[in-house]
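Trainee: this one's sequence-less:
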């Protein structure tokens, strides 16, 4: 069996670029140093605007406690450039109405496994600007040791301030990530490291945010990535927007959404008004959960009917059995198709951290 060989070669800028088996890796496209996924904010499978404390853009959590905090997809104008990139979308988080010491707003990405970057020096890089209000941003690296058993307590970081203006500007923030020697991981396999981009924080979080404070602000982010070692903002121009196909597959390892207007499976009627179908999905990082809305069943001789209260069974690495009642007056054993063709129809396969 051949071994994977990683080397370094001189790149066009006079620096070094990693290679795998002699093939140069374009920074930001296939870069083993960079564990950020969807740093260019191209993928928004769940929608384009979010106010809850939940995942918004793929792999990015909209962290909310108090006030009104909205994460939304924004579009660049055609021809806009950042570094050597012609980006499509960026993320915006707007914050207002926060008044309590416990209030917070942040944008977070979690890296699978607390071993990620443990004991290393890394630099978080990207572009940012203030789109409204006043204030700045704080960036923090933290570690969570998971759940189950008796895991070690979270290790939070010391935030570093990134000064914002009304124009896009590169930033570079360097962290010495704590070692995990002597730590205990939870037994549920959901430990992670994470980067927090704080946009507002009450005084309860002063140590983690460099006393950022409560803010009324809009913060825009694009091109977020990580390089090992210590780097300055001059390294940001080496970033290349990830190729869409491989980056979507990386997103779907954690979350995959079918619909609307998507064929999701085929199966059969197993009673007069009940159906079941097998749905194939992308392999996930762990056992996923399944949610759906307005999944529609079709048989050869009828229009579609909604499958009510669908259930999911036999989840394997890439398949799940979806079944439920559907008023279709079918014959047991009759072939059916399952779709999400209603405007609000979807099937979600979720294995997020």
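Mentor: Ah, there it is. In this text, all values refer to a predicted model and were calculated from it rather than measured experimentally.

Trainee: quick one: low-confidence ranges for the stretch 201-350 of the chain?
Mentor: 301-302 (pLDDT under 70).

Trainee: let's see it at 90
Mentor: Flagging of the stretch 201-350 of the chain using pLDDT under 90 yields the residue ranges 259, 261, 270-272, 299-304, 314-317, 328-332, 341-343.

Trainee: likewise for the stretch 51-200 of the chain?
Mentor: Using pLDDT under 90, the stretch 51-200 of the chain has no residue that qualifies.

Trainee: ranges for the helices of it?
Mentor: Along the stretch 51-200 of the chain, no segments are classed as helices by DSSP state H, counting those that start in this stretch.

Trainee: would you state the strands of it in chain order?
Mentor: 54-55, 61-65, 68-75, 89-96, 104-112, 121-133, 137-144, 160-162, 169-176, 192-201 (DSSP state E, counting those that start in this stretch).

Trainee: out of those strands, which is closest to residue 231?
Mentor: strand 121-133 (4.2 Å; C-beta to C-beta). All C-beta atoms are positioned from the backbone trio N, CA, C, and that covers glycine.

Trainee: return the set of buried residues in that closest one.
Mentor: 122-131, 133 (16 or more other C-beta atoms under 10 Å).

Trainee: quick check: bridge partners of residue 105?
Mentor: residue 64, residue 200 (DSSP bridges).

Trainee: check the offset of stretch 341-351 from the chain's centre.
Mentor: Put simply, stretch 341-351 sits 17 Å off its chain's centre (C-alpha atoms, centre = their mean, to the nearest Å).

Trainee: let me fix that: stretch 56-72
Mentor: Worked out by C-alpha atoms, centre = their mean, stretch 56-72 lies 12 Å from the chain centre.

Trainee: returning to what we had before: now the strands of the stretch 51-200 of the chain in JSON lines, with distance to residue 247?
Mentor: Listed next are the strands of the stretch 51-200 of the chain as JSON lines, based on distance: least, C-beta to C-beta, whole Å:
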{"stretch": "strand 54-55", "distance to residue 247": "16"}
{"stretch": "strand 61-65", "distance to residue 247": "18"}
{"stretch": "strand 68-75", "distance to residue 247": "15"}
{"stretch": "strand 89-96", "distance to residue 247": "12"}
{"stretch": "strand 104-112", "distance to residue 247": "14"}
{"stretch": "strand 121-133", "distance to residue 247": "15"}
{"stretch": "strand 137-144", "distance to residue 247": "22"}
{"stretch": "strand 160-162", "distance to residue 247": "24"}
{"stretch": "strand 169-176", "distance to residue 247": "21"}
{"stretch": "strand 192-201", "distance to residue 247": "17"}
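
Trainee: out of these, which gets nearest to residue 278?
Mentor: strand 54-55 (26.6 Å).

Trainee: related to what we said a few turns ago, ok, the buried residues of strand 121-133 vs residue 58, which is closest?
Mentor: Nearest to residue 58 out of those is residue 126 (C-beta to C-beta; 16.2 Å).

Trainee: who's in contact with the closest one?
Mentor: By C-beta atoms under 8 Å, 6 or more residues apart in numbering, the contact set of residue 126 is 39, 170-171, 221-225, 236, 239.

Trainee: and the nearest residue to residue 267 once chain neighbours are set aside, how many neighbours?
Mentor: Residue nearest to residue 267 in three dimensions, not counting chain neighbours: residue 277, with 2.9 Å by C-beta to C-beta, 6 or more residues apart in numbering. Other residues near residue 277 number 22, with proximity taken as other C-beta atoms under 10 Å.

Trainee: who does residue 277 bridge with?
Mentor: Note on residue 277: beta-bridge partners by DSSP bridges are residue 267, residue 322.
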